[in-house]
Each structure stands twice: as structure tokens, then as C-alpha cells.
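1. This is a predicted model, with the sequence first.
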Amino acid sequence: MNRVLDFLVNVFGFSDNFRMALNKDYEVEISDDSEATASKEFPVFETSKLLISKKKMFIKVKKEVGKSGSIDQARDVYKSVSNPNIITNTSMINAYGLNGMGMEAINLYREIPIDERNEVSQICVLNACSHSGLLDEAWNIYNEINIKTEKIITIMVDCLSRLFVFDEAQNLIDSYEKSHRPSVVMYITMLSGLRNHRNIDLSEKVYHRMKSIFPTEKDSLVSGAILLANIYSSLGEHQQGRNFRSNQLRELKQKVKIGLSWTEVNDELVQFKAHDRSHPRSSEIYAELDRFAAELIAHGYKFDSSWITRPIREYETIQSVLCGHSEKLAIAYNFIQRPIPSIIQVTKNLRICGDCHAATKLIAKIRQRDIIVRDAHRIHHFHSNGKCSCQDHF
Ligand SMILES: [Zn+2]
Ligand SMILES: [Zn+2]
């Protein structure tokens, strides 16, 4: 049983919510690694650090992570369990959810006897609904839940915000705050949805409310400021976005975390930061990126400058800034291997940006390769048909 649980947790369990729910089990696993505690916010980052910093653990986890994102593998392991219990069922629900298979997650949840369903399984199924856009199903499940904890309400806020039902998300937060201390996670969750909706007025309101309620929650306020700056940029207000971001960071006395991506090729784990030229095969990587760019453009792709959050330097172009993002470098590194890996897998410590998301969808299609990017929030499975498992809710 431990093997199965290890597998499912390691392969699929590092979404914020699932990890939050299984916090205890997870922390036991990493507690003796000092480096691994570096970032509580980004479980993926912890995982990757774990891989780098702890050899024994590396060997154990490597085999599992090597299959990350493979829903078929997870289903095979799940089916091999003779008496699935709440943990295996929940792990499988979570796996379905992260892979955009909401209906499968709901069906499995419905098979669990009502008195065995717990907060973790409820969170995972609501998360699955959220990522698959199943609002009515989410409301049905939510209304059936007797004890609505902070995590459960947060997931429902997430679901509503992803589907742009902001008034109902706000209502949930308001009614929660009538009898509880406000929850900063609910606000960040709502802001993510507002960013995708490019709703600047409501975003500003939510962010300012966050600042007044949670003046000491610096990390969350930085996340909120960056989300808001991204909205300004996505509306073409690049300068305003940059100014807002730098002013807020100065005010909060915080620095932005550096984006890092990891990929494992031929048993070697390689790390990239943006515009990294430290790898010995750097010139080949950048030549491959040029080929990516040419192919993307030939297929009608337009690089999306709204995701650039800093001034472009004299020697740079929109294309060169965006092509230098760490996940694109990691993907290009896979494509210069011979043979090219049949599935390309990348882990990133922050959320993937919209340009990398759109470009990777098209690269997967042009090059006919499955690409899996596990970012700080979820697993994106870019299929060779040009679609992502998150269905563009990210
Ligand atoms: Zn990017
Ligand atoms: Zn995606």
C-alpha cells in the first residue's frame, strides 16, 4: 500500500491543495532535509530541490517522477490495488483532476460511501470540477458537504473564480468572514481568476482589501501585486504594470522569486533559469529555440508581449525575452537529445506564463511530442493535438 501511495503522491500529489490536505504525510517525508524546507509556497520547488540535494531520496523518487503526469500509469497502479481505500481513491481522484478529467473524478468520488468521504477527497473532487469547468457538479457536491472547512470554501472560491462567477465567489468569502478570520488564500485564488478575466476594477478592489486585512502577509501580497501587474500588462498598459509591480515590491520590501525549471534527460537532472547560458550545450539550446520560433511564426503564432514584466533592453526583442523563459530552455534541451525523449517533462517552481503555455501547446503539435510541465499550481499535459489538459484554466 505504501508503494502505491508513494507513487500517487509523488507523481500527482504536489498540487497545492492535495499537498495542503496531505500535509502531514508529506512533511514526514521531507522533514530531515534542510534544503527542502526552503520554500513552503512552492511544493514543486521543494520536490526538485529534494531531487538535487538528497541522493538516497533521488534514487527512490526518480523512478516515480520519471512517469509524472502519466494518467495511464496511475490508473494501472490504481487498478492493481485489490481493495482501494479512501487514500487510493482520493489519490486517483486527484490524478484525474490534475489531468483535466473532471467527470472521471466525480464518478470515482460518487463510488466512495458517503460516510467515508473526508475533507481530502472533497477537496480533490472539487478541484477536479474546478479545473474541468464543471460548475453545476461542483455546486452539487459542495452543497452536500456538511462541514465546510476553510479549505473546502477556498476550493469553491477557486472554482467560481476560474469560471468568472466573481459575485458568487465574493459572497462565499463575505459569508465566511462573518464568523471566521479572513483567509488570504481565498483572495489570491480570486485574483488568479480575475487575472484570467482581465478584470482590472475588481482586481484592484480585491488587492487593496488584501492589503488592508493582511498587512503582514508579504508573500501573498507580492503574489497579488504580480497578478495585478500582469493584468495591466495584458491590457496593453505595460508601463503601468511595471510601475505598479516595482512600487508594490518596494513598498513591501520584497524581491521577486527567480523562476527555475528542471528537466531530467538520460538520468541527469538539469536546472535552467531565464536566459541561462551556463549549460555546456547552450549554443545548441538557443539554436533550437530559434527553430521553435521560426516554426511557431510559420504556424501563425504571435509572441504575447503582455507576459513581459520588465523593460525590454536595447539588445532584446519581444521574441528573445519570451524565448528565454526557463521552461522553454528546458523543453528545447529535450529536443536537442538524440533520440528525442518520447515524453518531455519539465518542472517549474512558479506558474507557467501565458506565452509559454500557448507556445508549448503549438510546439507539442508541430513536433508531435507530448510535453508535461508541472508548475507551482498544477500539471499541464500538452498533447500532440495542440491542447493542454488544463483546458486553458491556469
Ligand atoms: Zn514564460
Ligand atoms: Zn495548461
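-> Cool, the structure landed. Numbering: from 1, shown residues only. Ligands and ions are numbered 1, 2, ... in the order given.
2. Need phi/psi at Asp158.
-> Phi and psi for Asp158, reported as degrees, to the nearest 10, are phi -60, psi -50.
3. Next, count neighbours for it.
-> Number of residues near Asp158 (other CB atoms under 10 Å) recorded here: 27. Every residue, glycine included, has its C-beta placed from N, CA and C.
4. and what of Asp370?
-> Asp370 has 17 nearby residues by other CB under 10 Å.
5. residues contacting it?
-> Each residue near Asp370 by CB atoms under 8 Å, 6 or more residues apart in numbering is listed here: Ser342, Ile343, Ile344, Ala364, His381, Phe382, His383, Ser384.
6. just checking, which of those residues belong to strands?
-> Among the contacts of Asp370, the members found in strands (DSSP state E) are Ile343, Ile344, His381, Phe382.
7. Of those, just say which sits nearest to Ser282.
-> Looking at those and their distance to Ser282, the nearest is Ile344, at 18.5 Å (CB to CB).
8. What's opposite the closest one in the beta bridge?
-> Ile344 has these beta-bridge partners by DSSP bridges: Ile371.
9. correct me, but it touches Arg367?
-> No - checked against CB atoms under 8 Å, the pair Ile344 and Arg367 is beyond contact range at 9.1 Å.
10. Among the contacts of Asp370, which one lies nearest to ligand 1?
-> Among the contacts of Asp370, Phe382 lies closest to ligand 1 (CB to the ion), at 13.5 Å.
11. how much space between the closest one and Leu260?
-> Relative to Leu260, Phe382 is positioned 20 Å away (CB to CB, to the nearest Å).
12. With neighbour numbers in mind, choose between those two.
-> Phe382 (26 against 22).
13. list the contacts for that one?
-> So Phe382 contacts Thr360, Lys361, Ile363, Ala364, Asp370, Ile371, Ile372, Val373, Cys388, Ser389 (CB under 8 Å, 6+ apart).
14. what residues are up against the fourth one?
-> It stands for Ala364. When contacts are counted by CB under 8 Å, 6+ apart, Ala364 touches Asp370, Ile371, Phe382, His383, Ser384, Gly386.
15. What is the neighbour count of the fourth one?
-> When neighbours are counted by other CB under 10 Å, His383 registers 15.
16. pLDDT value on the residue lying closest to Ser282 once chain neighbours are set aside, please?
-> Once flanking residues are discounted, Ser282 sits nearest to Asp276: 7.5 Å by CB to CB, 6 or more residues apart in numbering. For Asp276, the model assigns a pLDDT of 96.
17. Checking Asp276 next. Helix, strand or coil?
-> The three-state label given to Asp276 by DSSP: H, G, I helix; E, B strand; the rest coil is coil.
18. I'd like the numbering to begin with 39 instead of 1 from here.
-> In the new numbering, first residue 39, that becomes Asp314.
19. so does the strand or helix carrying Leu334 get close to ligand 1?
-> Leu334 belongs to helix 320-336 when assigned by DSSP states H and E. No - looking at helix 320-336 against ligand 1 by CB under 5 Å from the ion, there are no contacts, and the closest approach is 12.3 Å.
20. Can you mark which positions in the next helix or strand after that helix are buried?
-> Sequence order places helix 356-361 as the next helix or strand after helix 320-336, per DSSP H and E. Neighbour-count burial for helix 356-361 flags Gln357, Ser358, Val359, Leu360, Cys361 (criterion: 16 or more other CB atoms under 10 Å).
21. Who are the packing partners of helix 356-361?
-> Where contact means 3 or more CB pairs under 8 Å, 6 or more residues apart in numbering; DSSP states H and E, helix 356-361 is packed against helix 320-336, helix 392-405.
22. run the last query once more with 7 Å
-> If you count contacts as 3 or more CB pairs under 7 Å, 6 or more residues apart in numbering; DSSP states H and E, helix 356-361 packs onto helix 320-336.
23. Please enumerate residues in contact with the helix it packs on?
-> 317, 357, 361, 366-367, 370-371, 373-374, 397, 400-401, 404 (CB atoms under 7 Å, 6 or more residues apart in numbering).
24. try it again with 6 Å
-> Contacts of helix 320-336 with the rest of the structure, by CB atoms under 6 Å, 6 or more residues apart in numbering, involve Gln357, Cys361, Leu367, Ala370, Tyr371, Phe373, Ile374, Ala397, Leu400, Ile401, Ile404.
25. which one among the residues you listed gets closest to Phe310?
-> Nearest to Phe310 among these: Leu367, at 4.2 Å, using CB to CB.
26. farthest pair in the contacts of Phe420?
-> Farthest apart among those - using CB to CB - are Ile401 and Ser427, which lie 15.6 Å from each other.
27. In terms of neighbours, single out the busier of those two.
-> Using other CB under 10 Å, the more surrounded residue of Ile401 and Ser427 is Ile401, with 25 against 19.
28. The nearest residue to that one once chain neighbours are set aside - how many residues pack around it?
-> Of all residues not flanking Ile401 in the chain, Phe330 sits nearest, at 6.0 Å (CB to CB, 6+ apart). Phe330 sits with 22 neighbouring residues when counted by other CB under 10 Å.
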